[in-house]
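Visitor: here's a sequence, model it:
(chains A, B and C)
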Amino acid sequence: MFTMIENDDLQHISSVLTDWYKKNKRDLPWRNIHDPYRIWISEIILQQTRVAQGYDYYLKFTQQFPDVQSLANAPEDEVLKCWQGLGYYSRARNLQAAAKRIMAQHNGKFPSNYDDILALKGIGEYTAAAISSFAFKQPYAVVDGNVFRFLSRYFGIDSPIDSGAGKKQFAKLAGLLLDKLQPDLHNQAIMEFGALQCTPTGPDCMNCPLETSCFAKEQGKISDLPVKEKKTRVTHRFFHHLVFICGEETLLSKRSDKDIWQNLYEFPLYESTKLCSFEEILMEKNWISEIAGLHPIHISYQSKEIKHILSHQIIHAVFYVVNTESTALQLPHFTPVKIEHLNKYPISRLTEKFLKKFSENLSCSKNKYIFTAN
DNA sequence: TTCCTGAAGA
DNA sequence: TCTTCAGGAA
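Guide: Modelled structure (predicted):
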């Protein structure tokens, strides 16, 4: 498929990349280490996540869970709490599932075999290649977004990177280009080059060591490459959360199913196909009567519509603060939680943002919480 | 296809 | 304020 590319050319490109890397690389805490556990954690955090966003999480996570065993034995809530705010929470759940598997099947020692690594939950071809090469110097080529971008531009490949055929083609080329004598250095170099030099927009072609032989630069196609074909369309969802206050307590529920924010906690939710009024919520859910019985309730706050945007969903959310005088806050499938302990539960950014505003406007006297909205 | 969030640009 | 962009696995 790439018979027109000479081996000497490929070796030359690789050496240009590694030379560039030695001069321009960022100094990051997961660089120049060989502990497969820490390399693994860093790679999972950096999946779909920028260095600037994941940096502090890496430090916090590896401090709280310094090895496979501590991660495997931790309560899932603690792992998710540590991950809170980073997004794609299945990464954290898979991380722990993989840690348990390493304890059971590999005596707690991180596997060094590529296929064993690939078999772990949350590890695909990219991450398996990264760990194999960085930690064990095995000759597997990484193909991440940076590599797609550099290869497509430099060699002028317009196969869509999100098609099966395209992925195969890029993987083959990346394998040919790989320096098998120093796969760790080569892989780090080509990704860092994509991240810092051959950037998605505004690549620094003026200072690029490969400028004169770059197809995209030559043909003026930098902004056309790489090619993606699939665009995701968004669906709208409407969330109504009831924040009960009864004495020192409130209610949470744990998300389940195969939906967003799996295993995170949230305030009792009524979801519908459109935004609706408090009266309409009462028609659908009899929470109020189950909790308060004949006691009066008081809605001390209603948030304005909050738009929370995910890659493929737009959540329209409204929060209601409902005060009741009921003796005990109990409802099947819901967890009574002391308001002062709310910060112990893993929650989404949406809930976190509401909770921040909530806490700022909450005062407590004589074991009674008063919410005063502004 | 469905999982998230935040930064940057319009 | 709204839109676009960045980033892998199941």
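
Visitor: got the phi/psi numbers for A:E360?
Guide: phi -70, psi -30 (degrees, to the nearest 10).

Visitor: count the residues that sit near it.
Guide: 8 (other CB atoms under 10 Å). In short, each C-beta sits where N, CA and C put it, glycine included.

Visitor: gap between A:A317 and DNA strand C?
Guide: 13 Å (CB to the nearest atom of the strand, to the nearest Å).

Visitor: that residue in helix, strand or coil?
Guide: Following DSSP: H, G, I helix; E, B strand; the rest coil, the label given to A:A317 is strand.

Visitor: residues in contact with it?
Guide: A:238-241, A:303, A:305-308, A:350, A:354 (CB atoms under 8 Å, 6 or more residues apart in numbering).

Visitor: what are the bridge partners for it, then?
Guide: A:F239, A:I306 (DSSP bridges).

Visitor: neighbours of A:V227, how many?
Guide: 16.

Visitor: now do the domain split for chain A, please.
Guide: Under the assignment automatic domain parsing, the domains of chain A span A:7-224, A:235-371.

Visitor: what's the most buried one of these?
Guide: Scoring the domains of chain A by mean neighbour count under mean count of other CB atoms under 10 Å gives domain A:7-224 as the most buried, with a mean of 17.

Visitor: can you redo the contacts of A:A317 as a markdown table with distance to A:L264 and pLDDT?
Guide: Output for the contacts of A:A317, formatted as a markdown table (distance: CB to CB, whole Å; pLDDT from 0 to 100):
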| residue | distance to A:L264 | pLDDT |
| --- | --- | --- |
| A:F238 | 19 | 93 |
| A:F239 | 13 | 94 |
| A:H240 | 18 | 95 |
| A:H241 | 13 | 95 |
| A:S303 | 19 | 91 |
| A:E305 | 21 | 89 |
| A:I306 | 17 | 91 |
| A:K307 | 19 | 90 |
| A:H308 | 13 | 90 |
| A:L350 | 10 | 94 |
| A:F354 | 13 | 92 |
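
Visitor: in JSON lines: the residues you listed, plus distance to DNA strand C.
Guide: Below are the contacts of A:A317 laid out as JSON lines (distance: CB to the nearest atom of the strand, whole Å):
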{"residue": "A:F238", "distance to DNA strand C": "16"}
{"residue": "A:F239", "distance to DNA strand C": "17"}
{"residue": "A:H240", "distance to DNA strand C": "20"}
{"residue": "A:H241", "distance to DNA strand C": "20"}
{"residue": "A:S303", "distance to DNA strand C": "13"}
{"residue": "A:E305", "distance to DNA strand C": "10"}
{"residue": "A:I306", "distance to DNA strand C": "10"}
{"residue": "A:K307", "distance to DNA strand C": "6"}
{"residue": "A:H308", "distance to DNA strand C": "11"}
{"residue": "A:L350", "distance to DNA strand C": "15"}
{"residue": "A:F354", "distance to DNA strand C": "16"}
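
Visitor: near DNA strand B, from those residues?
Guide: Restricting the contacts of A:A317 to those touching DNA strand B (CB under 7 Å from any atom of the strand) yields A:308, A:350.

Visitor: before we move on, the earlier item: out of the domains of chain A, which gets the lowest mean score?
Guide: Looking at the domains of chain A, the lowest mean pLDDT belongs to domain A:235-371 (a mean of 87).

Visitor: what residue of chain A is the furthest out?
Guide: The C-alpha centroid of chain A is most remote from A:L294, which lies 44.7 Å away (CA atoms, centre = their mean).
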